[in-house]
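**Q** below are the sequence and a predicted model for it; my questions follow.
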Amino acid sequence: MRNYIHNPMKIEDTSFDIINNELNEMGKQVPQEFQHIIHRVIHTTADFEYADLLHFSDGVLQVIEQALNHGCNIITDVQMVLAGVNKKTLQNIGCQTYCFISDSQVESLAKEQSITRSMASIQFAKPYLPNSIVLIGNAPTFLFELLSAIENESLRPAAIIGTPVGFVGAVEAKELLLQQLNIPFIVSRGRKGGSPVAAAILNAILKQRMNQRA
């Protein structure tokens, strides 16, 4: 068998070196402020397009940092996002995680109203939304319904990480989020995204936070 790197830290360090070198070869200048996030997403997806697809509202990282400092709620659209985030770190800083899509009441409401479970789950997430960080990695309908609740019911999360993926509604939902001038956001424009991307963004922020406090 050929020799290969088996130390986990060495694998990660080597991966990030490759990412940085290839971005330089492409002539892509990644803002230093967001480098840890963009590199982490590329590392997760092996897709260099995220250097261009990820967009950050002004001051969003500072808002997220402040929310984490206050032990904010973390709300996800699907279990895959929840499974991917570093829950141990979140628990250590007093953050609670929530995902309602598998709740039996959500399923019943979705059937009753002929809507997606993601849309129905917003009804149950509402009490936890104020000053929360919301991660959307899969369902455009969740993001549409969230933005509707923000507009019509003055429910204000601290920030939204919006990376729903797909061919129906994903582009439109994210473009609508970009127009929300009063809610800080991180968005992957276009069709690409997914649960691993949403989780990777928050995990990158958490790791940077830990490194700065070490």
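**A** Thanks, I have it.
**Q** dump the residue contacts of residue 76.
**A** Listed by CB atoms under 8 Å, 6 or more residues apart in numbering, the contact partners of residue 76 are 82, 85, 97, 98, 99, 134, 135, 136, 137, 198. Every C-beta, even on glycine, is put in place using the N, C-alpha and C of the backbone.
**Q** for the third one, which non-adjacent residue is closest in space?
**A** Think residue 97. Among residues not flanking residue 97 along the chain, residue 74 sits closest, at 4.6 Å (CB to CB, 6 or more residues apart in numbering).
**Q** does the one you found count as helix, strand or coil?
**A** strand (DSSP: H, G, I helix; E, B strand; the rest coil).
**Q** tell me the pLDDT of residue 7.
**A** In this model, residue 7 is scored at 59, pLDDT.
**Q** and the helix or strand harbouring residue 187, what does it pack onto?
**A** Using DSSP states H and E, the element containing residue 187 is strand 185-188. For strand 185-188, the packing partners by 3 or more CB pairs under 8 Å, 6 or more residues apart in numbering; DSSP states H and E come out as strand 54-56, strand 159-162, helix 170-178.
**Q** again, only using 10 Å
**A** Judged by 3 or more CB pairs under 10 Å, 6 or more residues apart in numbering; DSSP states H and E, strand 185-188 is in contact with helix 35-45, helix 50-53, strand 54-56, helix 60-69, strand 133-136, strand 159-162, helix 170-178, helix 195-213.
**Q** run the chain-centre distance for that strand.
**A** How far strand 185-188 lies from its chain's middle: 8 Å, per CA atoms, centre = their mean, to the nearest Å.
**Q** list the neighbouring strands of it plus their orientation.
**A** strand 54-56 (antiparallel), strand 159-162 (parallel) (DSSP bridges).
**Q** can I get those strands in JSON lines with mean neighbour count and mean pLDDT?
**A** Putting the strands paired with strand 185-188 into JSON lines (neighbours: other CB atoms under 10 Å; pLDDT from 0 to 100) gives the following:
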{"stretch": "strand 54-56", "mean neighbour count": "18", "mean pLDDT": "97"}
{"stretch": "strand 159-162", "mean neighbour count": "27", "mean pLDDT": "98"}
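**Q** would you mind putting these into CSV with distance to residue 93 alongside?
**A** CSV is the format used below for the strands paired with strand 185-188 (distance: least, CB to CB, whole Å):
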stretch, distance to residue 93
strand 54-56, 22
strand 159-162, 16
